[in-house]
Each structure stands twice: as structure tokens, then as C-alpha cells.
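Engineer: What would the 3D arrangement of this be:
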Amino acid sequence: MSPFDLKAWMGKGSRADEEDDRSFICVGRVSDLPPGAGKVVVVMGRDVGLFNCSGTFKAIDNSCPHNNRPIGTVAFDDDHVTCLWHGLRFAFGTGVCAEAEHYRVQTYSVKLNGDEIWISTFADDSEAE
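Structural biologist: Numbering: from 1, shown residues only. Predicted coordinates:
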């Protein structure tokens, strides 16, 4: 690796597994986030809501596009998180707002490696238009 190869340096040691071509970073432990709990973690300088939805971990941007306020981690079910400011619901799978489809937030892939929770450093491709 060249000392000027920034891409190789940034990817070094940041993968949950080598099969995926995306980079992931470890943001916590499964034991720290029981089912029904959510918290905000920082991924590449962005606040991301991380949720344990009945044992499945999901991640979504924590910034509501309606008013640039935090969505929060309090009101959520297995499919949506509800913005604590205006009650807009965002789907974990697509990031689309159920009440106003023109609002969309980024979603992130989550992987488990033992007890570690890893989140993709790039948004999922599924919400690109």
C-alpha cells in the first residue's frame, strides 16, 4: 500500500467481513441495546439512529428532512421510526416517510459480528432515486 493510498488506509480494519465491498464500523455491542431500545451513534460524522427491533438491528439517519431536527429513538416499531417533533414515520427498509413520500432519509446496513454491531459507512443503495 502506498502512503498516499487514502482509500486503502481508510478501509483498513473497518470491515465486519471481507465478502462485502462496503466498509462498516463497529458502533457498540448487542448486549448494550436490548430489544425495544434505540440510541444515536455517530457514523462518519453523521448522527444515525440504531434500533433493536425485536432482535433485528436497523439504522436510519437521525435528521428529519421536514425541519432538520433529530428524529429521535423513542417511538418506533419493527417497520418505522416516528419523528418526535411532528409525528412523521420513516420506514426502516426504504427511508421513505409514510405520511409524505417526498420526504426520505438514508438507511444503513447493519451487521453483527459476535456481540459487536457494525453499521455501513455509506447509505444503502435502495434509497437512491
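Engineer: Grab the longest strand from the chain for me.
Structural biologist: For the chain, the strand that runs over the most residues, judged by DSSP state E, is strand 46-53.
Engineer: The closest residue to residue 74 other than its chain neighbours and residue 119: what is the separation?
Structural biologist: Using C-beta to C-beta, 6 or more residues apart in numbering and skipping the chain neighbours, the partner closest in space to residue 74 is residue 84 (5.9 Å). The way it works is simple: take the backbone N, C-alpha and C, and place the C-beta from them, glycine included. Computed as C-beta to C-beta, to the nearest Å, the residue 84 to residue 119 distance reads 21 Å.
Engineer: Next, the buried residues of the longest strand of the chain.
Structural biologist: 48, 49, 50, 51, 52, 53 (16 or more other C-beta atoms under 10 Å).
Engineer: ok now that strand, how far from the chain's centre?
Structural biologist: 5 Å (C-alpha atoms, centre = their mean, to the nearest Å).
Engineer: related to what we said a few turns ago, just want to know which of residue 84 and residue 119 has more residues nearby.
Structural biologist: More neighbours surround residue 119 than the other of residue 84 and residue 119, with 22 against 15 (other C-beta atoms under 10 Å).
Engineer: Can you classify residue 31 by secondary structure?
Structural biologist: Following DSSP: H, G, I helix; E, B strand; the rest coil, the label given to residue 31 is helix.
Engineer: quick one: it and residue 115 touch, right?
Structural biologist: Yes: with contact defined as C-beta atoms under 8 Å, residue 31 counts as touching residue 115 (5.9 Å).
Engineer: how about the strands in this protein?
Structural biologist: So, for the chain - with DSSP E - the strands run 24-29, 38-43, 46-53, 56-61, 80-82, 89-91, 107-108, 110-113, 116-120.
Engineer: Spell out for me which residue occupies the centre of this structure.
Structural biologist: What sits nearest the mean C-alpha location of the chain, by C-alpha atoms, centre = their mean, is residue 59, with 2.6 Å.
Engineer: Any idea what it is bridged to?
Structural biologist: Here residue 59 sits in beta bridges with residue 50, residue 108, going by DSSP bridges.
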